[in-house]
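Visitor: Sharing a sequence plus its predicted fold:
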Amino acid sequence: MRRFFRFAVLVLVGLVILTGSTYRGPSSVHVAAQELKAGWPVNVWGGYPVPASNIFPVPDFAPRTYSTVVPPCYQGQAGVAVCDQQVLQAINHAHGVEGIPPISLPADYSTLPYDVQSFIITNLERVSRGLSPAVGITASLDSHAVTATQTHMDVEHYTSSSYYASNWYGGGSALMGDYGYMYEDGWGGGPTGEFSFYNYDCTSAAAAACWGHMQFILWNAGVPLAFGAAVGPWADGQNNSSLVLGTTAPASASAYTYTWAQYLQSQDPANQCLPSVGTAVGAAADPSGGGWVVGSSGTIATQSGAPCYGSLAGQTLNAPIVGIASTPDGKGYWLVASDGGIFTFGDAKFDGSMGGKPLNKPIVGMAADPKTDGYWEVASDGGIFSFNASFYGSMGEKYLAQPIVGMDALSSGQGYRFVAAEGGVFDFGSATFLGSMGGKPLNAPVVGMASNGIGYWLVGGDGGVYGY
């Protein structure tokens, strides 16, 4: 008998409105949601064809002869590497049955946070079928997934402008949950075919809820999707987990805690830099020689053999990129957008940003703090925003003849400078004033500045360079 699965690891399809406890199947909920959001671009879950039958896992990563003990691969939060490999083999066997390409996982998959694991396998299922991936993980949807694990139920919420729902799974492994959602969500999973192995609402071969989890994972909403996932304790020392898809994107791309672009960059970042960029908006030096030039679209061009750590090429941005700064060891860099969003590459770490926050004026540049591995963002009014970096002053709310266009920082991290479009230089902390083009004739406005640790250069829009 397979009693263990009947009480321990079956997936509950019922969706529960967060503001109440009404139990509904996915079809009825989705119809109700559409009625309340007339004209809102959401397709029904059933947009992807329903498989003809369940696909039994080969290899059988959790033998179904268990009845009173927990199968080894159900122990622990996300399984262990050997279980992940077994489930991946079973997923790729199922892909072969369906006639779609196999998938591969990153080498460190078993060590990644649970929400990242779930995000990766969900998107790999989507893109292998020609669907667009979810854009990224948000803290908000992660928190809703936590709610689902605490209540052991699917959650759903909708407003006039946004919608999210979840799949709940009575187990702790993202890969095992994926197998249940995608390949055994239909009728006939019981020992003699009398019930659905992973889907309690699939009460007969013709039940509308059969394959509801799979269709939700392959949801084609017509708008970009955000993602969340969580795992939490359940009964008998086991765990339960949930994944959430929603249509509410963050105000800034930098507000995602992890994105599909980051995953792609981690797999093969060297392919994401170009020989040149269209409209250059900033440059950063590689301590070992060479450097990087960034374009307003987030494209990166490497110079003099500098390594490529990835770029934003081909991605949709909320605001144009306006600057770049390299990490102190030169093994990564940050990009900053005019809305204050920060994008990290290589060993650059995210310490926060102004993305999604109100700004008096747009961000025009950034600089790295070599002392803390943090950074500063500067706005065109001279306002400074510090992230794991000391604040030494700003020109915010002070008179400026022309807007600030760039900044640099001391190699000690003890100060920084701004430059304005007319060539005026403003120094803070231990930074000293060595000269400027303020009040002098310029063939073109100054567009940025850079430091060599001793002095600094101002760069004009016509390519002119002024050294101090």
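Guide: Great, that's in hand.

Visitor: wait, isn't residue 409 in contact with residue 372?
Guide: No. Using CB atoms under 8 Å as the test, residue 409 is too far from residue 372 to be in contact (11.0 Å). Every residue, glycine included, has its C-beta placed from N, CA and C.

Visitor: Neighbour count: the two, which is higher?
Guide: residue 409 (25 against 15; other CB atoms under 10 Å).

Visitor: Quickly list what the nearest residue to residue 309 once chain neighbours are set aside is bridged to.
Guide: Excluding the flanking residues, the one nearest residue 309 by CB to CB, 6 or more residues apart in numbering is residue 346, at 3.4 Å. According to DSSP bridges, the partner residues bridging residue 346 are residue 332.

Visitor: Residue 346: neighbouring residues, count only.
Guide: Using other CB under 10 Å: residue 346 sits among 19 other residues.

Visitor: Tell me which residues touch it, please.
Guide: By CB atoms under 8 Å, 6 or more residues apart in numbering, the residues touching residue 346 are 269, 307, 309-310, 327, 331-333.

Visitor: need those residues in TSV with pLDDT, neighbour count and distance to residue 382, can you?
Guide: Below are the contacts of residue 346 laid out as TSV (pLDDT from 0 to 100; neighbours: other CB atoms under 10 Å; distance: CB to CB, whole Å):
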residue	pLDDT	neighbour count	distance to residue 382
269	72	18	34
307	90	16	34
309	88	24	30
310	84	26	31
327	93	22	25
331	91	16	31
332	92	20	28
333	93	27	24
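
Visitor: Which of these sits closest to residue 368?
Guide: Nearest to residue 368 out of the contacts of residue 346 is residue 327 (CB to CB; 6.4 Å).

Visitor: Excluding residues flanking it in the chain, which one is nearest that closest one?
Guide: residue 348 (5.1 Å).

Visitor: cool, residue 54 as well?
Guide: That would be residue 184: by CB to CB, 6+ apart, it lies 4.6 Å from residue 54.

Visitor: and if you look at residue 146?
Guide: Nearest to residue 146 is residue 230, by CB to CB, 6+ apart, at 4.4 Å.

Visitor: cool, and residue 90?
Guide: residue 57 (3.8 Å).

Visitor: My guess is that neighbour contacts residue 88. True?
Guide: No. Residue 57 lies out of contact with residue 88 (CB under 8 Å); the separation is 10.9 Å.

Visitor: which ones are touching the nearest residue to residue 127 once chain neighbours are set aside?
Guide: Leaving out its chain neighbours, the residue that sits closest to residue 127 by CB to CB, 6+ apart is residue 133, at 5.4 Å. Applying CB under 8 Å, 6+ apart to residue 133 gives the contacts 123, 126-127, 260.

Visitor: Name the nearest residue to residue 352, sequence neighbours excluded.
Guide: Residue 352 sits nearest to residue 387 (CB to CB, 6+ apart), 4.3 Å away.

Visitor: Got the phi and psi for that neighbour?
Guide: For residue 387, the backbone dihedrals (degrees, to the nearest 10) come out as phi -130, psi 110.

Visitor: Alright, calling it a day.
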